[in-house]
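# fold the following for me, if possible:
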Amino acid sequence: MFYAIPLENKPSWRNPPWMTVLLILLNMLVFWGPQRSEENTRERAANYYTKSVLPELELPPFVEWLEKTDPKRGKLARRMLPHEEAYAQLLEGLQNDKKFLAKLRADEVIKPTNPQYGEWKRDRQQYEAMLPAPFTERWSQDYNKDAEFKPWTWITAAFLHGSTGHLLGNMLFLFLFGFSVELALGRGTYLTFYLLGAVGSSLLAGWAYAGKEGYGLGASGAISALMGMYAVMYRLRRIRFFYQLFFYFNYVTAPALLLLPAWIVNELMQHWLGGQGIAYMAHLGGLLTGAALMTGAMLLGRVKTPETVKSEMTNDDDHFDAHVAAARRLAAAMKFEPACAEWRAAAALRPNDADTLRAWFNTARLQPASDDFHQAARRIFRLPGTDPETIALQHTSYKTYLDQAKPGLRLKPDDMARLARRFARIREFGDADMLCRILLKTAPDHPQLADTLSVCANGLLHAGEREKALGLLPHLLRLAPNDMVTRALQRA
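Model prediction:
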């Protein structure tokens with residue numbers, strides 16, 4: 001099992017992802033509306049069934065039928081038959097077995113010659129009268145043999161779910177990937193591509209699972225299309241992801257496009273390994289459809305890059321340019337304190353603008369004991385970008401801050417952990433090691449300490465600094481004894 005969740009971006013409520021929110025609400029409305037109503041009605045009918053004469057008369061011949069037509073299921077059903085608590089599960093299998101159900105309704109199973117035929121007929125009619133009109137089955141994709149051709153289910157199935165956990169898991173991924181794609185495409189194109197992703201997902205699943213019985217439902221195919229769009233949209237930009245591979249999970253910063261083949265290989269492997277209950281080919285169909293749609297849109301110039309989106313979201317800061325002009329004018333007149341105030345105001349409008357933060361920091365360093373110097377440094381250290389320019393700015397600013405800050409550094413443990421990991425990745429091991437040592441003394445139980453030490457030790461190992469890496473081993477044995485880097489150091 002493999003999945004990856006992006007951690008790089010956050011939605012902005014200046015331009016809310018309303019279409020993503022609407023899709024989430026629609027999925028929830030369908031599940032907790034007609035689907036839940038149908039489920040409750042079926043439960044009431046099932047309760048009637050178990051208390052009636054029907055289990056005694058219908059389930060034994062149904063198990064015999066399974067033993068002839070599907071010996072594996074028949075063997076399992078035979079073990080379940082003596083247990084009354086298994087009646088509901090056997091009933092579900094009976095109701096979904098169309099051939100047996102047709103024979104049952106045609107009086108070919110419980111025949112008129114049976115002494116209990118009249119009683120059975122009465123209870124069977126009462127049970128079927130209690131059943132709700134089919135909703136989930138009607139709008140799901142049908143994989144059964146001789147299924148009716150219903151192309152509208154290629155879309156409607158994407159708004160149905162099998163359980164609360166199924167729904168909530170899908171909605172989490174829909175939000176995490178959807179808001180970035182929506183801002184890049186615009187609401188209309190985004191909705192069109194989402195629905196086309198659902199169609200592409202259903203088409204591949206319909207081909208892969210045709211005749212294998214069962215029904216396809218869930219938003220995961222359309223969401224996989226969003227994942228494919230996301231990977232193509234960000235291409236080689238390095239994005240921070242949380243990932244899980246079987247029972248191992250960690251964080252990784254990698255080019256977004258590399259995740260597309262990783263996702264594709266995962267779906268193929270899960271399909272070939274015979275995963276039950278999950279339509280991996282629907283996921284694969286969504287990934288391929290989403291990647292193709294986003295590639296076409298980008299070739300046609302219909303996509304706003306992440307940088308363009310951020311720029312547009314800040315263009316309405318009417319006073320930004322005025323603050324910048326005032327800051328430069330005041331700095332030229334050597335009025336550094338009011339200049340810092342103007343840079344501070346500009347940074348409040350564009351908090352992740354590296355040029356603004358650099359100018360504020362360089363002005364404030366002339367007064368190294370001022371709050372502006374410490375604030376500007378912290379804002380630079382917290383820049384979210386992972387590109388080489390951002391990390392280089394952070395490292396240069398850190399060296400300046402380390403030398404000049406008065407009366408001393410004002411770094412929070414979160415900032416130190418973040419900087420140590422970033423410095424290790426650019427092979428500035430001296431600074432990374434110093435920050436790790438400070439963290440070990442001042443925040444020995446910090447939640448990010450283990451990950452930080454692991455990144456630093458791994459960097460040292462790859463750089464050939466084995467002895468320095470081993471110096472972190474005692475701490476890793478305490479904090480992360482099962483980490484891959486810890487085990488590698490023990491073998492070193």
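# please make it C-alpha for all contacts and neighbour counts, starting now.
Noted.
# where exactly do the strands run in the chain?
Ranges of strands in the chain, per DSSP state E, are 2-6, 141-142, 215-216, 238-245, 248-255.
# where among those strands is average confidence lowest?
For those, the weakest mean pLDDT is recorded on strand 2-6, namely a mean of 51.
# buried residues in stretch 285-299?
285, 286, 287, 288, 289, 290, 291, 292, 293, 294, 295, 297 (16 or more other CA atoms under 10 Å).
# mind listing what the third one touches?
Right, residue 287. Shown in contact with residue 287 (CA atoms under 8 Å, 6 or more residues apart in numbering): 197, 201, 221, 224, 225, 226, 227, 228, 229, 260, 264.
# count the residues that sit near the fourth one.
Residue 224 sits with 30 neighbouring residues when counted by other CA atoms under 10 Å.
# quick check: it touching residue 284?
Yes: here residue 224 reaches residue 284: they are 7.4 Å apart, a contact under CA atoms under 8 Å.
# could you find the closest non-adjacent residue to the most centrally placed residue in the chain?
Nearest to the mean C-alpha position of the chain, counting by CA atoms, centre = their mean, stands residue 173 at 3.6 Å. Nearest residue to residue 173 in three dimensions, chain neighbours excluded: residue 223, at 7.0 Å (CA to CA, 6 or more residues apart in numbering).
# check what pLDDT the one you found gets.
Note on residue 223: pLDDT of 92.
# same check, this time on the one 3 residues further on
pLDDT, the model's per-residue confidence, is 91 for residue 226.
# quick one: contacts for it?
Taking CA under 8 Å, 6+ apart, we find residue 226 in contact with 174, 177, 178, 181, 194, 197, 286, 287, 290.
# try it again at 6 Å.
By CA atoms under 6 Å, 6 or more residues apart in numbering, the contact set of residue 226 is residue 290.
# now it: how far from residue 288?
Distance of residue 226 to residue 288, computed by CA to CA, to the nearest Å: 10 Å.
# same check, this time on residue 96
Taken as CA to CA, the span from residue 96 to residue 288 is 32 Å.
# with residue 260 instead?
Note on residue 260: its distance to residue 288, by CA to CA, is 9 Å.
# over to residue 380?
Taking CA to CA, one finds residue 380 at 38 Å from residue 288.
# kindly report the same for residue 67.
40 Å.
# ok, now residue 478?
44 Å.
# buried residues in stretch 369-387?
For stretch 369-387, by 16+ other CA under 10 Å, it's 370, 372-383, 385-386.
# restricting to C-alpha, output it in CSV.
Only the C-alpha atoms of stretch 369-387 are listed here, as CSV (Å, rounded to 0.1, in the frame of the first residue of the first chain):
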residue,chain,number,x,y,z
ALA,A,369,18.9,44.5,19.0
SER,A,370,15.6,45.7,17.5
ASP,A,371,12.5,43.5,17.3
ASP,A,372,12.4,44.1,13.6
PHE,A,373,15.7,42.2,13.1
HIS,A,374,14.4,39.2,15.0
GLN,A,375,11.0,39.3,13.4
ALA,A,376,12.4,39.6,9.9
ALA,A,377,14.8,36.7,10.5
ARG,A,378,12.0,34.4,11.8
ARG,A,379,9.9,35.2,8.8
ILE,A,380,12.7,34.3,6.5
PHE,A,381,13.3,31.1,8.4
ARG,A,382,9.7,30.1,8.0
LEU,A,383,9.4,30.6,4.2
PRO,A,384,7.7,27.5,2.9
GLY,A,385,9.5,27.2,-0.4
THR,A,386,12.0,24.4,-0.9
ASP,A,387,13.7,25.8,-4.0
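# ok, residues contacting that stretch?
By CA under 6 Å, 6+ apart, the list of residues contacting stretch 369-387 from outside reads 361, 364, 365, 394, 406.
# which single one of the residues you listed is nearest to residue 457?
Proximity of the contacts of stretch 369-387 to residue 457 (CA to CA) peaks at residue 394, which lies at 20.8 Å.
# quick one: contacts for the closest one?
Residue 394 sits next to residue 381 when contact means CA under 6 Å, 6+ apart.
# try it again with 8 Å
Taking CA under 8 Å, 6+ apart, we find residue 394 in contact with 380, 381, 419.
# with distance to residue 22 added, can I get those residues in a markdown table?
Conversion of these to a markdown table gives the following (distance: CA to CA, whole Å):
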| residue | distance to residue 22 |
| --- | --- |
| 380 | 36 |
| 381 | 36 |
| 419 | 38 |
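# out of these, name the ones that lie in helices.
380, 381, 419 (DSSP state H).
# for those residues, give me CSV that also has pLDDT and distance to residue 57.
CSV is the format used below for the ones in helices among the contacts of residue 394 (pLDDT from 0 to 100; distance: CA to CA, whole Å):
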residue, pLDDT, distance to residue 57
380, 93, 75
381, 92, 73
419, 92, 71
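# between the residues you listed, which is nearest residue 398?
The closest of the ones in helices among the contacts of residue 394, once distances to residue 398 are taken by CA to CA, is residue 381, at 7.9 Å.
# need the per-residue pLDDT for residue 275.
Reported pLDDT at residue 275 in the predicted model: 57.
# counting neighbours, what do you get for the nearest residue in space to residue 490 that is not next to it in sequence?
Closest residue to residue 490 apart from its sequence neighbours, by CA to CA, 6+ apart: residue 473 at 7.7 Å. Per other CA under 10 Å, the neighbour tally for residue 473 reads 22.
# residue 473 is in contact with residue 484, isn't it?
No: the pair residue 473 / residue 484 is not scored as a contact, 11.9 Å apart, by CA under 8 Å.
# OK, contacts around residue 28?
Contact partners of residue 28, counting by CA under 8 Å, 6+ apart, are residue 167.
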